[in-house]
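Participant: quick one, fold the following:
(one chain, ligands or ions: 1)
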Amino acid sequence: SKHDVVLLDFWVSPFCIRVKMALAEKGVAYVNQEEDLHLGKSRSLIRSNPVYQKVPVLLHNGKPICESTNIVYYIDETWPSPPLLPSCPYARSRARFWANFIDKKVFEASSKIWMSKKEEKDVANKEFIEILKVLEGALGEKDYFGGDNFGFVDIIAISVASRFCTYEKFGGFKVEDHCPKFAAWMKRCMERESVSKVLPCPEDVHEFLIMLRMMHGIE
Ligand SMILES: N[C@@H](CCC(=O)N[C@@H](CSO)C(=O)NCC(=O)O)C(=O)O
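Facilitator: As a prediction, this is how the structure comes out:
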């Protein structure tokens with residue numbers, strides 16, 4: 001039943017969005033347990049992810065799975081159809097390579113854009129676009145990172161890309177001007193129900209990031 005699957009969530013987190021997209025792709029019903037990271041983490045979060053105390057955590061029959069990319073991988077193995085990853089080990093290793101790249105490079109560079117002060121913005125933008133071009137190279141002429149079908153790397157990437165309109169506002173650039181194929185891929189993914197129905201609305205995300213900037217003392 002749906003109570004066998006619980007997601008410890010934070011509405012604006014791209015990492016939690018990944019898990020919601022994977023569960024939606026699989027048609028798995030779950031209980032969404034919203035955490036309030038500012039007012040205080042729940043006991044179940046602290047108990048189920050004692051090492052990082054971060055969301056998302058997936059509780060499957062009470063067993064905690066932590067780290068978003070790891071959770072998506074687990075979901076794909078536990079509910080195999082439709083597959084998010086290919087069966088060939090080499091293709092799977094390439095998918096994990098790009099998921100890692102996105103977490104290490106894309107997410108970090110994109111955070112710099114809205115966390116940077118005015119004078120640092122141009123450097124942050126340039127660095128971000130360069131990294132996006134590498135990702136666009138991996139996409140090539142394919143519709144999705146996995147080829148013809150939406151899959152694992154697409155989920156990992158689109159969860160961050162859904163914030164790009166906010167980064168464009170802060171950064172003063174348009175992704176489509178620098179990476180047209182990547183921009184077309186974003187639009188393609190946003191048309192999928194499993195993506196569009198779990199994304200928070202851009203305006204709410206924008207408000208939230210403005211509030212975060214103020215909390216970090218960035219004017
Ligand atoms: N590598 C992890 C990152 C999760 C994360 O940063 N979660 C944040 C909310 S989203 O920004 C979080 O739980 N922060 C609470 C804290 O840092 O105390 C993953 O992929 O799941």
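
Participant: which residues sit against the least confident helix or strand in the chain by mean pLDDT?
Facilitator: Every helix and strand of the chain was ranked by mean pLDDT, DSSP states H and E. The lowest is helix 164-171, at a mean of 82. With contacts defined as C-beta atoms under 8 Å, 6 or more residues apart in numbering, helix 164-171 is touched by 110, 113-114, 121, 124-125, 128, 174-175, 186, 202, 205-206, 209. Glycine gets a C-beta too; all of them are placed from N, C-alpha and C.

Participant: next, see if that helix gets close to the ligand.
Facilitator: No - in terms of C-beta under 6 Å from any ligand atom, no part of helix 164-171 sits within range of the ligand; the closest distance is 13.9 Å.

Participant: tell me the gap between that helix and the middle of its chain.
Facilitator: Here helix 164-171 shows a centroid-to-chain-centroid distance of 16 Å under the convention C-alpha atoms, centre = their mean, to the nearest Å.

Participant: ok, which residues in this structure are in contact with the ligand?
Facilitator: Contact residues (C-beta under 6 Å from any ligand atom) of the chain with the ligand: 10, 13, 15, 37, 53-56, 67-69.

Participant: local confidence estimate at Ala29?
Facilitator: Ala29 is assigned a predicted lDDT (pLDDT) of 96.

Participant: wait, it touches Val5, no?
Facilitator: Yes - using C-beta atoms under 8 Å, Ala29 is in contact with Val5, at 7.1 Å.

Participant: and these two? Which one has more around it.
Facilitator: Per other C-beta atoms under 10 Å, whichever of Ala29 and Val5 has more neighbours is Val5, with 19 against 11.

Participant: okay, and the beta partners of that one?
Facilitator: Assessed by DSSP bridges, Val5 has beta-bridge partners His60.

Participant: low-confidence ranges in this protein?
Facilitator: 1-3, 219 (pLDDT under 70).

Participant: secondary structure class for the residue positioned nearest the centre of the chain?
Facilitator: By C-alpha atoms, centre = their mean, the chain has its centre lying nearest to Ser159, at 2.8 Å. Of the three states, Ser159 takes helix under DSSP: H, G, I helix; E, B strand; the rest coil.

Participant: may I have the phi/psi pair for the residue lying farthest from the centre of the chain?
Facilitator: Computed with C-alpha atoms, centre = their mean, the residue of the chain farthest from its C-alpha average is Glu119, at 27.9 Å. Glu119 adopts backbone torsions of phi -70, psi -20, taken as degrees, to the nearest 10.

Participant: the ligand versus that one, what's the distance?
Facilitator: Per C-beta to the nearest ligand atom, to the nearest Å, Glu119 is found 26 Å from the ligand.

Participant: distance-wise, check Lys20 relative to Glu119.
Facilitator: Taken as C-beta to C-beta, to the nearest Å, the spacing of Lys20 relative to Glu119 amounts to 37 Å.

Participant: likewise for Arg96?
Facilitator: Counting by C-beta to C-beta - Arg96 and Glu119 are separated by 37 Å.

Participant: same question for Asp36.
Facilitator: For Asp36, the distance to Glu119 equals 34 Å [C-beta to C-beta].

Participant: can you check Phe150 too?
Facilitator: In this view, Phe150 and Glu119 are 39 Å apart by C-beta to C-beta.
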